[in-house]
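1. Whatever this is, show me its structure:
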Amino acid sequence: MNLWLRVNLGDRYAWALVRTSHPRLQALLSRVYAHESYNVELSLREGKVYALFSWEEELPPISLTQEGGVLALDVNADPYGLALAVVNPDGSLRRHLTLSLEEVDRAKNRGAKEILLWNIAHQVVALAEQEGVAIATERLKHLPKGRRGDGLGPAFRRQAHRFAYRSLLGKVHALARKRGIQSLEVNPQDTSTIGMLKYAPLLSLSKDVAAAYVIGRRALGFKEEIPKPLKALLQDSSFHDRTRRFYEGRIAQLRERHREEKNPYLKRRLGRELAQMKRALATLQSLQGEPGGPAGSTAGRNPQGIHAWRALRVGLFLPLLGQKVPRDLSALIPFYAEPFAPGHQWKRVCLLRSSRSPCSTNHRPSTASI
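-> Sure, this is the predicted structure:
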């Protein structure tokens, strides 16, 4: 849309034709027609003059709070998208969905990307209004973007750089506050791990939606207990023996390859993987307190039981499913499918894995048991 901007030059006025695609164009026009004040900042970039419109508004009182539930967001969804979960006040899952962000990735310039991000923020806030819930997100700390020579490769760096996580969450929180919606931020620690281990297999959720579900439950004050079958697995000596032997063998192989590798970039990558395997083995050996202690998912600052979730992750995912972050978590269902006997589920799942046959889901437990 084209607007005529009157610029005050002190002793006279100048008129400038402005082309704008402001995400809140109607609000801007309403202020213009109502003769209400607004700010315009002009900047010269590459021979073109850009105008930044801004104004102050009174924030309405909070009308939608966590008492009605929350809409939780997981921003690191794969494929490139946003995972959302609506969580009821009692902690149950009401509904879930995903929003694709591929269009943001294809934006021609920064301005187009900003408009698309604002549109996504409006979709999220509109959904919260429709469901009558607050909004909950994770607090994002420094996100590794990678650098040349780190051995991670250009594909990882492109993926890490392509999406401004903080930018989208900032827009969601700002817009929610303007609509009178409570917005919450929670500690993101282990939300993905808990979601993949506890909710993704049982509720047939993707790992990203499961993570969003955990974020929502955490915002409502729920503490995640480790299910009894997994807690018993942590007390099974065969589980620890198998997993320890797996990582010790992996570490020995990586050390040999690292010693013989001449390419500095591949050598650095092998060094990083070797360090990861050593940390995984150390996690198994450093369980503290009762596995699944109630402080293990919420409080942060190395609470009692926090290593139990991570021990389960390093003990099940790579040794059993063959991936550090598996997409298919159905192979974990046998751990829940029947009463636990030491070593029974572990042996059964290993047989299913080796034969490449699908896991049976005929005896899936009800969600009330979790």
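2. which residues in the stretch 51-200 of the chain form strands?
-> 70-77, 81-87, 93-100, 134-138, 183-186 (DSSP state E, counting those that start in this stretch).
3. Please pull out the lowest mean pLDDT helix or strand from this protein.
-> helix 154-161 (a mean of 49; mean pLDDT, DSSP states H and E).
4. helix or strand for Glu36, which one?
-> For Glu36, there is no host helix or strand (DSSP states H and E).
5. Now do the contacts for it.
-> Ser30, Trp55 (Cβ atoms under 8 Å, 6 or more residues apart in numbering). In this view, the C-beta of every residue, glycine as well, is placed from N, C-alpha and C.
6. if we can go back for a sec, got the strands of the stretch 51-200 of the chain as CSV, with mean neighbour count, distance to Glu41 and mean pLDDT columns?
-> Converted to CSV, those look like this (neighbours: other Cβ atoms under 10 Å; distance: least, Cβ to Cβ, whole Å; pLDDT from 0 to 100):
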stretch, mean neighbour count, distance to Glu41, mean pLDDT
strand 70-77, 26, 29, 88
strand 81-87, 25, 31, 93
strand 93-100, 16, 31, 94
strand 134-138, 27, 29, 95
strand 183-186, 20, 27, 94
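7. can I get these in a markdown table with distance to Val124?
-> Output for the strands of the stretch 51-200 of the chain, formatted as a markdown table (distance: least, Cβ to Cβ, whole Å):
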| stretch | distance to Val124 |
| --- | --- |
| strand 70-77 | 7 |
| strand 81-87 | 7 |
| strand 93-100 | 8 |
| strand 134-138 | 7 |
| strand 183-186 | 10 |
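8. so which of these comes closest to Leu64?
-> Nearest to Leu64, of all the strands of the stretch 51-200 of the chain, is strand 134-138, at 5.8 Å by Cβ to Cβ.
9. quick one, which of the strands of the stretch 51-200 of the chain is nearest to Ala14?
-> Of all those, strand 183-186 comes closest under Cβ to Cβ, at 41.3 Å.
10. counting contacts, what elements does that closest one pack onto?
-> Strand 183-186 is packed against strand 134-138, helix 165-178, helix 207-219, with contacts defined by 3 or more Cβ pairs under 8 Å, 6 or more residues apart in numbering; DSSP states H and E.
11. Run me through the strand neighbours of that strand, direction for each.
-> strand 134-138 (parallel) (DSSP bridges).
12. Tyr165 contacts Asn76, doesn't it?
-> Yes. Using Cβ atoms under 8 Å, Tyr165 is in contact with Asn76, at 7.3 Å.
13. Any idea which of the strands of the stretch 51-200 of the chain gets closest to Pro319?
-> Closest approach to Pro319 among those is made by strand 70-77 (24.1 Å; Cβ to Cβ).
14. contact partners of the closest one?
-> Here strand 70-77 has contacts from 82-87, 98, 124, 127-128, 131, 133-138, 140, 163, 165, 168-169, 172, 184, 191-192, 206, 208-209, 211-213, 215-216, 219-220, using Cβ under 8 Å, 6+ apart.
15. switch to 7 Å and redo it
-> 82-87, 98, 124, 127-128, 131, 133-137, 165, 168-169, 184, 208, 211-213, 215-216, 219-220 (Cβ atoms under 7 Å, 6 or more residues apart in numbering).
16. same question, stretch 18-31
-> For stretch 18-31, contacts defined as Cβ under 7 Å, 6+ apart pick out Met1, Asn2, Leu3, Leu5, Tyr38, Ala51, Phe53, Trp55, Ile115, Trp118.
17. Could you pull up the contacting residues of the fifth one?
-> In this case it means Tyr38. Taking Cβ under 7 Å, 6+ apart, one finds Arg31, Phe53, Ser54, Trp55 in contact with Tyr38.
18. again, only this time at 8 Å
-> Leu28, Arg31, Val32, Phe53, Ser54, Trp55.
19. Give the single residue among the residues you listed positioned nearest to Ala280.
-> So of those, ranked by how close each gets to Ala280 (Cβ to Cβ), first place is Ser54, at 48.7 Å.
20. ok, back up a step: distance to Arg327 for the helices and strands packed on strand 183-186 - can I get that in CSV?
-> Below are the helices and strands packed on strand 183-186 laid out as CSV (distance: least, Cβ to Cβ, whole Å):
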stretch, distance to Arg327
strand 134-138, 21
helix 165-178, 21
helix 207-219, 7
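21. In terms of mean pLDDT, which of the ones you listed ranks lowest?
-> Least confidently modelled of the helices and strands packed on strand 183-186 is helix 165-178, at a mean of 88 by mean pLDDT.
22. Could you figure out how far that helix is turned away from strand 81-87?
-> Between helix 165-178 and strand 81-87, the angle formed by their directions is 40 degrees, by axes from the mean of the first three to the mean of the last three Cα atoms, to 10 degrees.
23. quick check, distance from helix 165-178 to the centre of its chain.
-> In terms of Cα atoms, centre = their mean, to the nearest Å, the centre of helix 165-178 is set 15 Å apart from its chain centre.
24. orientation of that helix relative to strand 70-77 in degrees?
-> 160 degrees.
25. which other residues reach helix 165-178?
-> Here helix 165-178 has contacts from 57, 59-60, 73, 75-76, 82, 114, 117-118, 120-122, 124-125, 128, 135, 137, 140, 143, 182-183, 185, using Cβ under 8 Å, 6+ apart.
26. Validate this expectation: Val49 resides in a helix.
-> No. Under DSSP: H, G, I helix; E, B strand; the rest coil, Val49 sits outside any helix and is assigned strand.
27. quick one: contacts for it?
-> Ala16, Leu42, Ser43.
28. Show me what it is bridged to.
-> Leu44.
29. repeat for Val7
-> Ala14.
30. Great, nothing more from me.
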